[in-house]
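Engineer: structure for this input, please:
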Amino acid sequence: MNILLKMIRFLRILFLTIGWGVPMLSFLEFFLNAVFKIEMIFYNNCLIVLGLFWVIAALGSLIFLIKKRLKFFMFLVISVLHWVLFHYWWSQHQFSFQKNVESTNYTMKIFMHHYEVWQMNWIYRQQILVKESDIFFNPYSKTGIAHLSKVNILSNDEEKIILEIEVGAKREILHIEKR
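Structural biologist: Numbering: from 1, shown residues only. Next up, the predicted model:
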């Protein structure tokens with residue numbers, strides 16, 4: 001019986017930690033992305049685990065509401081916070097295709113009518129260029145024809161990198177200033 005109580009107490013602390021920790025991490029990532037155009041890399045590498053954390057956090061909030069340990073107003077605040085941040089997080093990873101530029105620390109996020117170039121670090125990646133372009137546009141696909149694209153490095157010196165993006169018969173040259 002004593003072990004069961006310790007287990008219940010541990011699960012309650014775990015649910016509270018996840019229930020408040022995941023939205024706070026999401027808010028931190030939202031703030032960094034909105035202000036500094038920085039994304040945390042672990043968000044992209046652990047999407048399934050984070051999705052499970054969102055489910056556990058929502059269940060934890062619901063359990064606390066049923067047990068009358070959480071006021072209804074706080075439950076609404078937590079639920080809305082979960083919903084808004086999860087919706088933002090989910091919409092950020094929808095309708096895009098990611099392509100790494102070989103032998104560099106750059107990656108491209110390709111959308112239908114524009115693409116973004118991000119410089120990667122081992123902890124985060126920072127957006128360095130957004131370019132409007134219809135090179136990847138395909139009216140029959142939500143992500144365009146990004147999977148058919150090829151990125152060639154024309155020059156990679158100390159000041160800038162020059163990339164050639166090739167999609168079928170279309171070509172585009174991209175100049176990126178290094179930071």
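Engineer: from now on I want contacts and neighbour counts done on CA atoms only, so please keep to that.
Structural biologist: OK.
Engineer: in the chain, what helix or strand scores lowest on average pLDDT?
Structural biologist: In the chain, the helix or strand scored least confidently by mean pLDDT, DSSP states H and E is helix 41-45, which has a mean of 60.
Engineer: what is the top helix by length along the chain packed up against?
Structural biologist: Longest helix in the chain, counting residues (DSSP state H): helix 2-36. Contact analysis of helix 2-36 by 3 or more CA pairs under 8 Å, 6 or more residues apart in numbering; DSSP states H and E lists strand 38-40, helix 47-66, helix 72-92 as its packing neighbours.
Engineer: do that again at 6 Å, thanks
Structural biologist: helix 47-66 (3 or more CA pairs under 6 Å, 6 or more residues apart in numbering; DSSP states H and E).
Engineer: domains in the chain, as residue ranges please.
Structural biologist: Per automatic domain parsing, the structural domains of the chain span 2-92, 97-177.
Engineer: mean pLDDT for those: which is lowest?
Structural biologist: Looking at the domains of the chain, the lowest mean pLDDT belongs to domain 2-92 (a mean of 71).
Engineer: wait, is residue 163 part of a strand?
Structural biologist: Yes - membership of residue 163 in a strand is supported by DSSP: H, G, I helix; E, B strand; the rest coil.
Engineer: count of residues packed around it?
Structural biologist: 18 (other CA atoms under 10 Å).
Engineer: again, but for residue 9
Structural biologist: Residues contacting residue 9 under the criterion other CA under 10 Å number 12.
Engineer: ok, now how distant is it from residue 74?
Structural biologist: Remark: distance between residue 9 and residue 74 (CA to CA, to the nearest Å) = 21 Å.
Engineer: residue 85 too?
Structural biologist: Plainly put, residue 85 is 16 Å away from residue 74 if you go by CA to CA.
Engineer: more neighbours: which of these two?
Structural biologist: For residue 85 and residue 74, the more surrounded residue by other CA under 10 Å is residue 85, and the numbers stand at 20 against 12.
Engineer: which residues touch that one?
Structural biologist: The contact partners of residue 85, by CA atoms under 6 Å, 6 or more residues apart in numbering, come to none.
Engineer: please tell me how far it sits from residue 98.
Structural biologist: Distance, residue 85 to residue 98, by CA to CA: 22 Å.
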